[in-house]
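In: task: produce atomic coordinates for the following.
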Amino acid sequence: MRVIAGAHRGRRLQAPEGLDTRPTADRVREALFSILARRTPGAAVLDLFAGTGALGIEALSRGAASATFVDDDPAALRVLAANLDGIEGGEAVRRDARAFLRTARRHGRQYDLIFLDPPYRLGPQLGPELSEAVTAVLAPGGLVVSESDRSTPLSLPDLHLFDERRYGKTLIRLHAPH
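Out: Numbering: from 1, shown residues only. Have a look, this model is predicted:
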């Protein structure tokens, strides 16, 4: 796994051992960031269920102003810290995504680009709750990118689904406010 393009192109990214963290494949990130090319420079990015941080790090490499990485798994956060070493603008937060979103809302934080990649098995249950919460911290004109297994899509009812791409078993959906 590596950074595809930008200032950190070619940089190798570590992943924790085991199956608990599922990094977004290089080819999926490459296709996704081709779609997001105009939205990334200068963006404030939120990478929820960050794992290795591959999506947020790719955004930083391509010119995002900042990226907040949220995960509650200590093993993933250790790897994320190593992956962020030497990369400006990244902040790792050990917290449950839902708790982080509540705090961010109370503090008036807003993000231009939100990556939402919960564990596939939890996505269908978390979708409606996460939908409302991410809508509250999405900046005007912002975009939510969700990743799920194509057999169990992540539903975000408070957002408008305007694009969907399939890459093998992976489903990427692009959402905007209604």
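In: for the chain, which spans come out with low pLDDT?
Out: Filtered on pLDDT under 70, the chain yields the residue ranges 18-22.
In: how about a cut-off of 90?
Out: Applying pLDDT under 90 to the chain flags residues 1-3, 6-7, 10, 14-27, 119-129, 152-153, 178.
In: and the longest helix for it?
Out: Across the chain, the longest stretch assigned as helix under DSSP state H is helix 123-137.
In: distance between that helix and the chain's centre?
Out: Relative to its parent chain, helix 123-137 has a centroid offset of 13 Å by C-alpha atoms, centre = their mean, to the nearest Å.
In: go on, stretch 93-100?
Out: Worked out by C-alpha atoms, centre = their mean, stretch 93-100 lies 13 Å from the chain centre.
In: ok, and for it, which residues are buried?
Out: Buried residues in stretch 93-100, counted by 16 or more other C-beta atoms under 10 Å: 93, 95, 97, 100. Just so you know, the C-beta spots here come from the backbone N, C-alpha and C atoms, and that holds for glycine as well.
In: now the strands for this protein?
Out: Under the criterion DSSP state E, strands of the chain are mapped to 44-48, 66-71, 90-94, 111-116, 138-149, 159-167, 170-177.
In: residues contacting the one residue sitting closest to the centre of the chain?
Out: For the chain, the residue nearest the mean C-alpha position is F115 (2.5 Å; C-alpha atoms, centre = their mean). When contacts are counted by C-beta atoms under 8 Å, 6 or more residues apart in numbering, F115 touches 45-48, 50, 55-56, 59, 145, 147.
In: one step back: among the buried residues of stretch 93-100, which two are most distant?
Out: V93 and A97 (9.7 Å; C-beta to C-beta).
In: quick check: neighbours shared by these two?
Out: With contacts defined as C-beta under 8 Å, 6+ apart, the residues adjacent to both V93 and A97 are 70-71.
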